[in-house]
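> Have a look at this prediction, sequence included:
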Amino acid sequence: MKKKMFSKFSNILHNAVEALAPQLSLKEEFVHHWKSVTAFFMDNKGQKLPIDQTQIPEHLEQMVVLLKEEELNAELDSTGPCMEYLLQHKLLDTLYSLGRTDHPPGMKQIVLQFFTKLLSRLKQPILAHVSVHRAVNRLVKACGEVQAAPTESEEIQFLCTVCSLIKSTPYLVNFFIEVPKLNSDARKTSLTKDAPRPETGAGHMAQSADIPANSPDTRTTHITSPNTANGPCSTGRNFSLMNSLLSLSHSADSRVAVKACEGLMLCSSLPEETAASWIIHDTRFCTEMTQRLIEAYLKLPAFISPADLENAEAKWGLDVITESEDHKTFLGKRHLVSFLSWLDYCDQLISIANPMVAKSLAKSIRELFLNVIMEPSVLQASEAGATLATAYLNRCLRTVCSPELLSEFCFFILGHERLPEQIGETTPEIRHRLIERCNHLSEELSLVTLKLFDTLLQKDDEHIMHNLVLRNLLGRNYYKVTPVVSEEVNSAQDKEDNSKTPNDTSLGKEDNIKQDSKEKPSVNRSSSRTEVHKIVNCFLALLPEQLKSSYQTADSGYDMYLRDAHKQYRHICEMTDPWSWPKEPVVIKRFVVDDFYEGAFLRMLLDKMSHLLEQSYPVNLQLTSVVARLALLPHPNLTEYLLDPFLPVTDGTRTLFAVFQKLSSEIRNKLHAQSDLSQQLVNVRRQLMGTSTNLHQYEDQNQLEAIIVMEEFCKELSAIAFVKHHSEVNRPS
């Protein structure tokens, strides 16, 4: 207590003496404050007085104030005497050394604050000066050395200040990249032994692992391997700023960790290729980001309700769920939010990162997380485990938006194949198994797998649509060539043939096949309003009037389907516009095969549509949602295959309308004898809408619900066909 009072008294006395002293120049005052700092260490050797009981913080603060005042009064691009003194006498190097010793206690904190204020308040580009960036780099390396250090807040504030300066002037990053000095012999050795480096540290790790992906020790091997690099890589090169930020990103203080992650985003988004290359090859960045994702995934709850997983919202930032809040909602929510938040952070980082860094990190996540951890979980034999893993994969896919990471997820699930799919093709295994599981005996597993494909079809990635459906339709082998055509069509084709040039390769040897694409009436620019009405009426007339229950509830809902279809189609056209899809049905030579095969995915959907009466209401709803998403896609081959009832098809080819016709016939045969069928359908519809007090379950409740689903789906498809036609006829030439 006495010491504090004495300290306050001496401060007052010191300020009074300074007030009475004669006016000094800025440089003299600056030197005075600096010498007052150094005098303390000369006069107080061996003393352990805390820093807040000395005059050092005030003197250093005044030095920054004087430098700022000098800058305001100086001419443009000129260095004042105070700044020259600081640079020539290497004051920052001295301050770094004093802060490194942390004597008196708290000195490191004050030095960090001084560096932060100096760099942030002055507009002069002083970081490029060797006396500045050398000391700053040394101080950067001193940050994050000790976990939970009392100076963490000051350290991260200092590092973020450096990051912001580098972001505005990217070439400055080179001052924080250290290359080890080699003697002549070592340089010769490095030149002769220098081998091509792997694209990512993750790739090297994945190649070096000899344990099979499905072995019990896989997780341990692949998870611990990234941590073997606790410092700069074995090359001896050091990116000090990234390494310090990576260390502080593990801070228990969430505010410090978030700021460190923001600094990592700034560094990874730098346009400098040198910095990007060093981040990839000479830091733990990619493996550590993936490692933390793996650790968060392995903590996810072993059981979670689908609704809780569906509704869990997590964005990277400061939102933290405490343990008490975790128990109030559902057990494991804290771990779920933590995992999704980190995935969201990785996704955001990849979206803004340098393309080299983005590609490397996305590849690391694919190799270490998806291939090693996620794939065995999804493919496991346990139904409950596979259902949960598929649900987690679906939730991950919903979170991912960055093109690079989304591509890796798509390649992981679907593979890279783009040529027509063959019957019995089983590679990649995960794609084959997921499509198979849509017809699984376990309704829960079937439903969650359909939801995964529904999420895939909403993603902005052309490979998804091509791999799942288009690659087997681009040869147009489903279309039956009709030998008889009208004279008008023949004359139009003759003119088209005469106008062709030798360089026209759009038709190739399939000229006759592609010409036939314009012979039939379909939903395209040549079709008339009456023809689209025929298509609409075909879908609406599939069920007889006595089996339609919507009209008896005073709301057919058709206008709502038209509005929704218009809105969704406009959004999908905006998404697919960059993919340059054709406007008319096409035949592409390399996709032409001998016998038409719709592909495993479309075959599965048509099979499930044909069993609509045998499936539960939730499965049928999800199934129709997936088919509707395909029907909305603005590719002419897919449009005619799914939505044109008048399409002439080859023998053995199933279309969606043909499946519906067979299903309608089955419904008539099974239920025609029931006298009160119409009333039963009305009652079931009201139950589904939640407007009925009668909860009686009929013996054939599933079939009644399926009829209602089919009625609504026919209205939805007819609305989609109408909206597509309207868009085509109004498209500018």
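On my side now, so go ahead.
> can you tell me which helix or strand the nearest residue to L623 once chain neighbours are set aside belongs to?
Excluding the flanking residues, the one nearest L623 by C-beta to C-beta, 6 or more residues apart in numbering is K608, at 5.3 Å. The C-beta positions use only the backbone N, C-alpha and C, and glycine is treated the same way. Assigned by DSSP states H and E, K608 belongs to helix 600-610.
> Which positions in that helix come out as buried?
Across helix 600-610, burial judged by 16 or more other C-beta atoms under 10 Å covers A600, F601, L602, R603, M604, L605, L606, K608, M609, S610.
> pLDDT added to those residues, as JSON lines?
JSON lines is the format used below for these (pLDDT from 0 to 100):
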{"residue": "A600", "pLDDT": "97"}
{"residue": "F601", "pLDDT": "98"}
{"residue": "L602", "pLDDT": "98"}
{"residue": "R603", "pLDDT": "97"}
{"residue": "M604", "pLDDT": "98"}
{"residue": "L605", "pLDDT": "98"}
{"residue": "L606", "pLDDT": "97"}
{"residue": "K608", "pLDDT": "97"}
{"residue": "M609", "pLDDT": "97"}
{"residue": "S610", "pLDDT": "96"}
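> Rebuild the residues you listed as a markdown table, extending it with distance to C82.
Shown next, in a markdown table, are the buried residues of helix 600-610 (distance: C-beta to C-beta, whole Å):
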| residue | distance to C82 |
| --- | --- |
| A600 | 75 |
| F601 | 72 |
| L602 | 75 |
| R603 | 79 |
| M604 | 76 |
| L605 | 75 |
| L606 | 80 |
| K608 | 78 |
| M609 | 80 |
| S610 | 85 |
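> List the residues that contact R121.
V64, L67, K68 (C-beta atoms under 8 Å, 6 or more residues apart in numbering).
> on that earlier part again, out of the buried residues of helix 600-610, flag the one nearest to A276.
Each of the buried residues of helix 600-610 was checked against A276 using C-beta to C-beta; the closest is F601, at 37.5 Å.
> which stretches of the stretch 151-300 of the chain have low pLDDT?
For the stretch 151-300 of the chain, residues meeting the criterion pLDDT under 70 lie at 181-236.
> Next, please give the residue ranges for the helices of the stretch 201-350 of the chain.
201-208, 218-224, 240-248, 254-268, 273-282, 285-298, 306-311, 323-328, 333-352 (DSSP state H, counting those that start in this stretch).
> Packed most tightly, which of the ones you listed would that be?
helix 240-248 (a mean of 24; mean count of other C-beta atoms under 10 Å).
> which helices and strands does that helix pack with?
On a contact count with 3 or more C-beta pairs under 8 Å, 6 or more residues apart in numbering; DSSP states H and E, helix 240-248 meets helix 130-141, helix 152-168, helix 254-268, helix 285-298.
> who wins for proximity to S664 among the ones you listed?
helix 285-298 (46.2 Å).
> Could the C-alpha coordinates of that closest one be exported in PDB?
What follows is helix 285-298 as a C-alpha-only set of coordinates in PDB (Å, rounded to 0.1, in the frame of the first residue of the first chain):
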ATOM      1  CA  PHE A 285      -1.600 -25.000 -41.900                       C
ATOM      2  CA  CYS A 286      -3.500 -27.500 -44.100                       C
ATOM      3  CA  THR A 287      -3.000 -30.500 -41.800                       C
ATOM      4  CA  GLU A 288      -3.800 -28.600 -38.700                       C
ATOM      5  CA  MET A 289      -7.100 -27.200 -40.100                       C
ATOM      6  CA  THR A 290      -8.100 -30.700 -41.100                       C
ATOM      7  CA  GLN A 291      -6.900 -32.200 -37.800                       C
ATOM      8  CA  ARG A 292      -9.200 -29.900 -35.900                       C
ATOM      9  CA  LEU A 293     -12.100 -30.800 -38.100                       C
ATOM     10  CA  ILE A 294     -11.400 -34.500 -37.500                       C
ATOM     11  CA  GLU A 295     -11.200 -34.000 -33.700                       C
ATOM     12  CA  ALA A 296     -14.500 -32.100 -33.700                       C
ATOM     13  CA  TYR A 297     -16.100 -34.900 -35.800                       C
ATOM     14  CA  LEU A 298     -15.000 -37.700 -33.500                       C
END
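> just to revisit the earlier point, export the helices and strands packed on helix 240-248 to CSV and append columns for distance to L632.
Listed next are the helices and strands packed on helix 240-248 as CSV, based on distance: least, C-beta to C-beta, whole Å:
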stretch, distance to L632
helix 130-141, 52
helix 152-168, 41
helix 254-268, 35
helix 285-298, 33
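> wait, which of the ones you listed is closest to R731?
Nearest to R731 among those is helix 254-268 (41.4 Å), distances taken as C-beta to C-beta.
> Need the helices of the stretch 201-350 of the chain in TSV (columns: distance to L397).
Formatted as TSV, these follow (distance: least, C-beta to C-beta, whole Å):
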stretch	distance to L397
helix 201-208	20
helix 218-224	22
helix 240-248	27
helix 254-268	22
helix 273-282	25
helix 285-298	14
helix 306-311	13
helix 323-328	25
helix 333-352	10
